[in-house]
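S.K.: I need the structure of the sequence given here:
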Amino acid sequence: MIGNLECWTVWFNIDNPGWTGDYEKLETLRNAGYKVCKQPEAVRCRTVHTHIDAKLTGRKLTCSPSVGFFCVNSDQDWGKTCLDYEVKFLCPCNYVDAPTKPPFDLRMAFALCFGCWTAWLDRDGPGGTGDYEQRDLFSRPICDRPGSVQCRRTSNHQAALKTGQKLFCTPALGLVCINKNQPSGQMCYNYEVRFLCPCPDGLTNVPPTSQLISSLPPLQSGIKNKPIVLYVVLGAIGILLTIIALVFIRFKIQRKRVLNVNERESDNTGNYESKIGEMEISTPPPSYSVAVMEMESEEL
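M.R.: The predicted structure follows:
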């Protein structure tokens, strides 16, 4: 709704239907690190995979600009559970808490490492209220979650963020420059943008590594990051338990070897002593031999 200087946010999806339901509430989004205007004018709710309007899915749910979205499994008819939904909000384009960098997302990191840049796009001019190169307004479809965005002046290709003008340039939004926000009655320049999206047919066209690193968003704590931290902790615990198990098994094997050696030594010692005993029994003592000789001499 450009005439009213309003822009749609990116689609948010921080939860899944899980055990209790799907919750994409405004409060939860803000706690996760996403920034949404304080009073959205409107909201759109749809399924993640098929993009069907939430109200047409036959589920009992809430989709409200003041609350956001939530669907509770226990509220559904017998045999039905909530689907996976996503939401986006309509906010003023120049709202103070506009999202400059969204929380870290693995899909965004994947696009940065294995992505292709679109062509430079310029659908609007600075006339009227400003220059609006929003992702959702291009006639050519742009991927839902671009990994990065580049904004520059059309005339001399100067980076938009170095022009000194007040504007927004984000992967989720695209570029928005409003004339009335510029100092001293200045008008916005004419800008163009391009987005980094997953490559079609396995093609790659990745910018230099330094450019990728500079465009990576900072890691923030949030709901989406918790599973990643949990997996890392569980992995470390698994490795530690594996090491302990290996040490214990090695100790058991070594102890068994020592016991076997002791048993063999004990058996050898017993055999030796028994042989000595047999030798002592079979060999008559010297006194017995002398007595026999004396008896023989008397008989003679």
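S.K.: Would you map the strands across the protein?
M.R.: For the chain, applying DSSP state E gives strands covering 6-8, 21-25, 42-47, 61-64, 68-72, 85-92, 115-117, 130-134, 148-153, 167-170, 174-178, 191-198.
S.K.: now the angle from the second one to strand 42-47?
M.R.: Same thing as strand 21-25. 150 degrees (axes from the mean of the first three to the mean of the last three Cα atoms, to 10 degrees).
S.K.: and strand 21-25, what does it pack onto?
M.R.: Applying 3 or more Cβ pairs under 8 Å, 6 or more residues apart in numbering; DSSP states H and E, we find strand 21-25 packed against strand 68-72, strand 85-92. For glycine as for every other residue, the C-beta is placed from the backbone atoms N, C-alpha and C.
S.K.: would CSV of those strands with distance to Y189 be doable?
M.R.: Below are those laid out as CSV (distance: least, Cβ to Cβ, whole Å):
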stretch, distance to Y189
strand 68-72, 36
strand 85-92, 22
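S.K.: Compare the ones you listed and say which comes out lowest on pLDDT.
M.R.: Per-segment mean pLDDT for these reaches its minimum on strand 85-92, at a mean of 88.
S.K.: who does that strand touch, helix- and strand-wise?
M.R.: Going by 3+ Cβ pairs under 8 Å, 6+ apart, strand 85-92 lies up against strand 6-8, strand 21-25, strand 42-47, strand 68-72.
S.K.: mind checking which helix or strand of this protein has the lowest mean pLDDT?
M.R.: When each helix and strand of the chain is scored by mean pLDDT, DSSP states H and E, helix 209-215 comes last, with a mean of 40.
S.K.: who touches K180 in this structure?
M.R.: The contact partners of K180, by Cβ atoms under 8 Å, 6 or more residues apart in numbering, come to T129, G130.
S.K.: Go again with 6 Å.
M.R.: With Cβ atoms under 6 Å, 6 or more residues apart in numbering as the criterion, no residue contacts K180.
S.K.: Ok, C71 next?
M.R.: Contacts of C71 by Cβ under 6 Å, 6+ apart are G21, D22, R59, L61, C82.
S.K.: ok, it to V10 distance?
M.R.: Computed as Cβ to Cβ, to the nearest Å, the C71 to V10 distance reads 20 Å.
S.K.: What of R152?
M.R.: Applying Cβ to Cβ to R152 and V10 gives a distance of 22 Å.
S.K.: And for D122?
M.R.: D122 is 21 Å from V10, by Cβ to Cβ.
S.K.: Which residue ranges of the stretch 101-250 of the chain form helices?
M.R.: Applying DSSP state H, counting those that start in this stretch to the stretch 101-250 of the chain gives helices spanning 106-113, 209-215, 225-282.
S.K.: Considering those, which stretch scores lowest in mean pLDDT?
M.R.: Taking the mean pLDDT of these, helix 209-215 comes last: a mean of 40.
S.K.: Nearest to L259, out of the helices and strands packed on strand 85-92?
M.R.: strand 21-25 (59.2 Å; Cβ to Cβ).
S.K.: who touches that closest one?
M.R.: Contacts of strand 21-25 (Cβ under 6 Å, 6+ apart): F12, D15, G68, F69, F70, C71, V72, N73, C82, Y85, V87.
S.K.: From the contacts of C71, list just the buried residues.
M.R.: Listed as buried from these are G21, D22, R59, L61, C82; burial here means 16 or more other Cβ atoms under 10 Å.
S.K.: Put together TSV for these, with pLDDT and distance to P141 on each row.
M.R.: Putting the buried ones among the contacts of C71 into TSV (pLDDT from 0 to 100; distance: Cβ to Cβ, whole Å) gives the following:
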residue	pLDDT	distance to P141
G21	87	31
D22	90	25
R59	93	27
L61	93	27
C82	92	28
